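Asks: What follows is a predicted structure for the sequence shown.
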Amino acid sequence: MIRSKIAGIGMYLPENVVTNDDLTKVMDTTDEWIIERTGIKERRFATRYKDTTTTMGVEAAKIAIERAGISSQDIDFIIFATLSPDYFFPGCGVLTQRMMNMKEIAALDIRNQCSGFVYGLSVADQFIKTGMYKNILLIASETHSYALDFSTRGRNISVIFGDGAGAVVLQPTMKNDQGVLSTHLHSDGSDAELLSMMNPGFHAGRFVSAKKPPVPEKPYGGLFITEDLLAKEDLYPYMDGPAVFKKAVIKLPEVIMEALNQNQLKTSDLKMLIPHQANLRISQYVQQKMGLSDEQVYNNIQKIGNTTAASVPIALCEAWEDGKIQDGDLICLAAFGSGFTWGSALLRW
Ligand code: COA
């Protein structure tokens, strides 16, 4: 049976380190509040005119491709996961293809926010298993810092997010004891606006749930962007933090257990869980609920912040580079985020 394996992995973090104290200079917050509620001490922000979502993804991809022992010309499919694309359209997949001088291969963008990498891994896995592609480049990259509200109004969101990129190359393997064992994807759009950025959007306001204050209805230039809305600066992400927290701590353990159960494995079989780095408190809650040891759960949000789609591959890459993942280890990747969408992947390294 063909399975897909991670043949190479890479990451890129912008050099600009932003500490909690740096944020206190522009908004009403404190180092203590941020550490207590999120675990985050610092994050990286992209540098304007140097880093974009695509350029950071390409830097991570170059490392992953080199570690896979192939060249960019061998890649036959690009999957690019991001919620912060360089352009509204086209996607970062084709921009990557151009930047890396790749041949005329397929490129797909995934807009699944925090679960984008896990969704991308699942898509790649299907294409490898059917034999359609042999060298898939999966990138997840985010530049949040260009679009956050750094005034006090946006502090519950802006202190959480950071920029960065991770990438993997997936290849087929015939070994039974290696590669992706299964992937599990879920979504529930009933609370879509609880973690959202609705504008600019062609239908902004039309689907607003009762839980979010409706945007004004007076159309502006044919779109539903109004002067009122611009004045309120409702062009920034919105998050009902407590609601996201409550849902995440239910759905993450569920989807991790789904993966273990399908493969008749137990939590004690896990060498490492790499959870989406949403908030250290969420990871700790999941760890405690599942009875996992500190060694079994990898966290790096303290110094990187929440990089949404990029967080899982960055954490996976860092854990591997630190020698914490060895051949044969059982690894679970799990993510939950906006949509809501969530998922897990179980793999034997
Ligand atoms: N600094 C200081 N105070 C802040 C603040 C900040 N950066 N952000 C919010 N506050 C204040 C609020 O204004 C509120 O003040 P009030 O009580 O006077 O109204 C108070 O802190 C509590 O706000 P609340 O939103 O209830 O805090 P919380 O304990 O739920 O923590 C989050 C907020 C965002 C840290 C938390 O809800 C969370 O982590 N949720 C999950 C979010 C997440 O993981 N998102 C990513 C998903 S992929």
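Replies: Yes, it's here. Numbers count the residues shown, from 1 in each chain.

Asks: Tell me the residues of the chain that contact the ligand?
Replies: Contact residues (Cβ under 6 Å from any ligand atom) of the chain with the ligand: 29, 33-34, 37-38, 114, 155-156, 159-160, 239, 241-242, 244-245, 278-279, 282, 306, 337. For every residue, glycine as well, the C-beta is placed using N, CA and C.

Asks: pLDDT score assigned to residue 217?
Replies: Note for residue 217: predicted pLDDT of 50.

Asks: thinking again about what came up before, so of the residues of the chain next to the ligand, which ones are in strands?
Replies: 239, 337 (DSSP state E).

Asks: List buried members of the residues of the chain next to the ligand by neighbour count.
Replies: 29, 34, 37-38, 114, 155-156, 159-160, 239, 244, 278-279, 282, 306, 337 (16 or more other Cβ atoms under 10 Å).

Asks: Tell me who's in contact with the closest residue to the ligand within the chain.
Replies: Per Cβ to the nearest ligand atom, residue 241 is where the chain lies closest to the ligand, at 2.5 Å. Residue 241 sits next to 156-157 when contact means Cβ atoms under 8 Å, 6 or more residues apart in numbering.

Asks: try it again with 7 Å
Replies: residue 156 (Cβ atoms under 7 Å, 6 or more residues apart in numbering).

Asks: so residue 342 makes contact with residue 335?
Replies: Yes - at 6.3 Å, residue 342 counts as touching residue 335 under the criterion of Cβ atoms under 7 Å.

Asks: Neighbour count: those two, which is higher?
Replies: Using other Cβ atoms under 10 Å as the criterion, residue 342 and residue 335 rank with residue 335 on top: 32 against 27.

Asks: quick one: the more buried one and residue 343 touch, right?
Replies: Yes - Residue 335 is within contact range of residue 343, at 6.1 Å (criterion: Cβ under 7 Å).

Asks: quick one: common contacting residues for these two?
Replies: Joint contacts of residue 335 and residue 343 (Cβ under 7 Å, 6+ apart) are 115, 118.

Asks: that older thread, keep only those of the buried ones among the residues of the chain next to the ligand that are in helices.
Replies: 34, 37-38, 155-156, 244, 282 (DSSP state H).

Asks: what's around residue 324, how many residues?
Replies: 14.

Asks: still on that earlier bit, from the ones in helices among the buried ones among the residues of the chain next to the ligand, which two are the most distant?
Replies: 155 and 282 (18.8 Å; Cβ to Cβ).

Asks: Can you mark which positions in stretch 119-135 are buried?
Replies: 119-125, 127-128, 133-135.

Asks: What confidence value was assigned to the residue nearest the centre of the chain?
Replies: Central residue of the chain (Cα atoms, centre = their mean): residue 309, 1.2 Å from the mean position. Listed pLDDT for residue 309 reads 98.

Asks: Ok, residue 211 next?
Replies: pLDDT at residue 211 comes out at 51.

Asks: One more: residue 197?
Replies: 86.

Asks: hmm, back to that, who touches both of residue 342 and residue 335?
Replies: residue 115.

Asks: Tell me the first helix or strand C-terminal of the strand or helix carrying residue 117.
Replies: Assigned by DSSP states H and E, residue 117 belongs to helix 116-129. Next in sequence after helix 116-129, counting helices and strands by DSSP H and E, comes strand 136-142.

Asks: what does that following strand rub up against?
Replies: 53, 56-57, 60-61, 65, 75, 77-84, 92, 96, 116-117, 120-121, 124, 127-128, 163-170, 307-310, 313.

Asks: ok, now with 6 Å
Replies: 53, 56-57, 61, 75, 77-82, 84, 116-117, 120, 124, 163, 165-170, 307-310, 313 (Cβ atoms under 6 Å, 6 or more residues apart in numbering).

Asks: try stretch 277-296
Replies: Here stretch 277-296 has contacts from 38-39, 248-249, 252-253, 267, 270, 272-273, 275, 297, 299, 301, 306, 311, using Cβ under 6 Å, 6+ apart.

Asks: Give the rounded mean pLDDT of it.
Replies: The model assigns stretch 277-296 a mean pLDDT of 97.

Asks: List the buried residues in it.
Replies: Buried, per 16+ other Cβ under 10 Å, within stretch 277-296: 277-287, 290, 292, 296.

Asks: Same list (the residues you listed) but as TSV, adding distance to residue 178.
Replies: Shown next, in TSV, are these (distance: Cβ to Cβ, whole Å):
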residue	distance to residue 178
277	26
278	29
279	32
280	31
281	34
282	30
283	27
284	31
285	32
286	26
287	26
290	25
292	23
296	20
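
Asks: Of the contacts of strand 136-142, which belong to strands?
Replies: Applying DSSP E to the contacts of strand 136-142, the entries found in strands are 77-81, 165-170.

Asks: Make JSON lines from those and add pLDDT to it.
Replies: Below are these laid out as JSON lines (pLDDT from 0 to 100):
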{"residue": "77", "pLDDT": "98"}
{"residue": "78", "pLDDT": "98"}
{"residue": "79", "pLDDT": "98"}
{"residue": "80", "pLDDT": "98"}
{"residue": "81", "pLDDT": "98"}
{"residue": "165", "pLDDT": "98"}
{"residue": "166", "pLDDT": "98"}
{"residue": "167", "pLDDT": "98"}
{"residue": "168", "pLDDT": "98"}
{"residue": "169", "pLDDT": "98"}
{"residue": "170", "pLDDT": "98"}
